[in-house]
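Enquirer: I'll drop the sequence and a predicted model, then ask my questions.
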Amino acid sequence: MDHHSAGEVTAPAVSELDPPNRTLMGPGPSDVHPRVRRAMSTPLVGHLDPSFVELMDEVQELLRYTFRTENEWTIPVSGTGSAAMEAAIGNLVEPGETMLVPTNGYFGGRMAEMARRAGGDVVEVDAPWGEPLDPADVESALAAHDPDVFGFVHAETSTGVLQPDVPALTDAAHDHDALVVADTVTSLGGVELRVDEWDIDVAYAGPQKCLSCPPGASPLTLSDEAMEKVLSREEAPRSWYLDLSLLEGYWGDERAYHHTAPITNVYALREALRLVAEEGIESRWRRHERLAGALKAGVVGMGLEMNAPDDYWLPSLNAVRVPDGVDDGEICQTVLDDYDLEIAGGLGDLAGDIFRIGCMGHAASPANVVLTITALGDALATAGADVDPDAGIGAVREALR
Ligand SMILES: *Cc1c(COP(=O)(O)O)cnc(C)c1O
């Protein structure tokens, strides 16, 4: 149609919003709790409204509880998990400084990219995709490179690996005077995480994984020592939007305008964190372990193999080996089409090798586990894979009993 010749402009005809009703068991986002959705439909207030200022304190308090920290510097960063990640790295790493990052998954690579953009030099501690870091390797990398900052991924969503024995890594880093940044995007609110007890200096997360909240406001916490480093930088960080010394004016005592907080997302996060507090953080970790344990039992019961051994299995993200003779992308498409269920394939070094099945937050429920094992067993059997779907379901029932 020619929009220029006629006098009148034609408005695009777009139908009413009607998204499909998916069950989200992929690597995130996860299913949102109805109470969180309701919180998002409450009235908007100004970002300096007295009622909102009070709500900011509550969110900070709930975040401290969820992170298991007393860090004063605990805030939701405007944006997705990557915004909290870039706030952490972009403020902590100064030009010419060195950051040590891992090679054992997709998100270690993103850490490296952000550190470089912050003007830092990147050095690596090697481990294959699908394996955790070996504390001895971290120790020798620290000794060899003397980095200012060491970053690791607590829960690698790309590989389904949980980094065990975090204190071994933080102790080693602190012995070499490096500050520790932990990616806890897929662990916060889902698996055991103790920021203070484990001596993590900076941790960032996302709301749409184990907190079951839409993306938009992302948890970040910094120790006093880390914040001191940030506040005594010689050069301002390259991002104005994520400059923590400026954000301090809003989230600190002053409550002065920096940028408009995503009010509705902060409401959502508050409600999601209230659900965490009601359940109790430790019960929530146990629920994830129990439900993901049932999922794992179903996977193994139907004849499939987990990619990670039990020592570093990540309950919130289950990496399952793709059996011979089937295409992971086709299976994911079939369960989406036939069951409205989202799971994902692998990426990077594990592309084509694994399914990634989340078990996060509100989505970690008996009904979802039964649905997932049913759908996966059905799709794989139909595609001709050597699986026993009924044995899978039997194993789930047994595990849930
Ligand atoms: C999802 C994820 C991120 C990035 O979060 P976004 O919300 O996608 O920006 C970072 N690290 C890990 C481990 C993740 O799973």
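Expert: It's in.
Enquirer: how much space between Tyr65 and Tyr204?
Expert: Distance of Tyr65 to Tyr204, computed by CB to CB, to the nearest Å: 17 Å. Quick note: C-beta positions are derived from backbone N, CA and C, even for glycine.
Enquirer: Sorry, wrong one. I was asking about Thr98.
Expert: 20 Å.
Enquirer: Counting neighbours, go ahead and name the busier of the two.
Expert: Tyr204 (25 against 17; other CB atoms under 10 Å).
Enquirer: Just give the closest residue to the more buried one, not the sequence neighbours.
Expert: Ala84 (3.8 Å; CB to CB, 6 or more residues apart in numbering).
Enquirer: Could you check the pLDDT of the one you found?
Expert: At Ala84, the model reports a pLDDT of 98.
Enquirer: And for Asp253?
Expert: Value for Asp253, per-residue pLDDT: 87.
Enquirer: Up against the ligand, what does the stretch 101-250 of the chain have?
Expert: 107, 153, 157, 183, 185-186, 206, 215 (CB under 6 Å from any ligand atom).
Enquirer: hmm, 5 Å instead?
Expert: Contacts of the stretch 101-250 of the chain with the ligand, taken as CB under 5 Å from any ligand atom, map to 107, 157, 183, 185-186, 206.
Enquirer: Next, work out how far apart the residue nearest to Tyr339 when sequence neighbours are not counted and Pro366 are.
Expert: Distances taken as CB to CB, 6+ apart place Ala375 nearest to Tyr339, at 4.0 Å, with adjacent residues excluded. Applying CB to CB, the value for Ala375 to Pro366 is 15 Å.
Enquirer: do Ala112 as well
Expert: 40 Å.
Enquirer: repeat for Tyr339
Expert: For Tyr339 relative to Pro366 (CB to CB), the value is 16 Å.
Enquirer: With neighbour numbers in mind, choose between those two.
Expert: Applying other CB under 10 Å to Tyr339 and Pro366 shows that Tyr339 carries more neighbours, namely 18 against 14.
Enquirer: give me every residue that touches that one.
Expert: 23, 371, 374-375, 378 (CB atoms under 8 Å, 6 or more residues apart in numbering).
Enquirer: so which of the residues you listed comes closest to the ligand?
Expert: Sorting those by distance to the ligand puts Thr23 at the head of the list, at 18.7 Å, by CB to the nearest ligand atom.
Enquirer: Please name the residues that touch the closest residue to the ligand within the chain.
Expert: At 2.6 Å from the ligand, Gly81 is the closest residue in the chain, using CB to the nearest ligand atom. Counting by CB under 8 Å, 6+ apart, Gly81 touches 185, 204-209, 215, 218.
Enquirer: Please name the nearest non-neighbouring residue to it.
Expert: Gly206 (2.9 Å).
Enquirer: outside of the lowest-mean-pLDDT helix or strand in the chain, which residues touch it?
Expert: Of all helical and strand segments in the chain, the minimum by mean pLDDT, DSSP states H and E falls on helix 244-251, at a mean of 94. Contact with helix 244-251 is made by 56, 60, 73, 75, 77, 87, 91, 222, 227, 230-231, 233, 236-237, 240, 254-259, 261, as judged by CB under 8 Å, 6+ apart.
Enquirer: Burial check on Gly348, number of neighbours?
Expert: Gly348, neighbours per other CB under 10 Å, totals 11.
Enquirer: Tell me which residues touch the spatially most central residue of the chain, please.
Expert: In the chain, the residue lying closest to the centroid (CA atoms, centre = their mean) is Val185, at 2.5 Å. Contacts for Val185 were tallied using CB under 8 Å, 6+ apart; they are 28, 81, 85, 107, 155, 157, 204-206, 209.
Enquirer: any idea of the pLDDT on it?
Expert: Note on Val185: pLDDT of 98.
Enquirer: which phi and psi does it have?
Expert: The phi and psi values for Val185, taken as degrees, to the nearest 10, are phi -60, psi -40.
Enquirer: Over to Leu222?
Expert: Torsion angles, degrees, to the nearest 10, at Leu222: phi -130, psi 140.
Enquirer: which one is it nearest to, not counting chain neighbours?
Expert: Trp73 (4.2 Å).
Enquirer: Surely Thr80 is in contact with Ala217?
Expert: No: taking CB atoms under 8 Å as the definition, Thr80 is not a contact partner of Ala217, at 9.1 Å.
Enquirer: can you list the contacts of Gly81 in TSV and add secondary structure?
Expert: Below are the contacts of Gly81 laid out as TSV (DSSP: H, G, I helix; E, B strand; the rest coil):
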residue	secondary structure
Val185	coil
Tyr204	strand
Ala205	coil
Gly206	coil
Pro207	coil
Gln208	coil
Lys209	coil
Pro215	coil
Ser218	strand
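Enquirer: Out of those, which comes closest to Leu179?
Expert: Closest approach between the contacts of Gly81 and Leu179, by CB to CB: Tyr204, at 13.4 Å.
Enquirer: and the closest one, what is it in contact with?
Expert: Taking CB under 8 Å, 6+ apart, we find Tyr204 in contact with 77, 81, 84-85, 87-88, 181-185, 218-221.
Enquirer: which ones among these are found in strands?
Expert: 77, 181-183, 218-221 (DSSP state E).
Enquirer: would you turn the residues you listed into TSV with neighbour count?
Expert: Output for those, formatted as TSV (neighbours: other CB atoms under 10 Å):
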residue	neighbour count
Val77	26
Val181	28
Ala182	28
Asp183	30
Ser218	28
Pro219	29
Leu220	28
Thr221	32
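Enquirer: got a list of what Ala143 touches?
Expert: His176.
Enquirer: Next, it: secondary structure please.
Expert: helix.
Enquirer: re earlier: now the residue nearest to Leu222: phi and psi?
Expert: Main-chain dihedrals, Trp73, degrees, to the nearest 10: phi -80, psi 70.
Enquirer: residues touching it, list them.
Expert: 221-224, 226-227, 244, 248 are the contacts of Trp73 under CB under 8 Å, 6+ apart.
Enquirer: let's see 10 Å
Expert: By CB atoms under 10 Å, 6 or more residues apart in numbering, the contact list for Trp73 reads 60, 64, 202, 220-224, 226-227, 230-231, 244, 247-248, 251-252.
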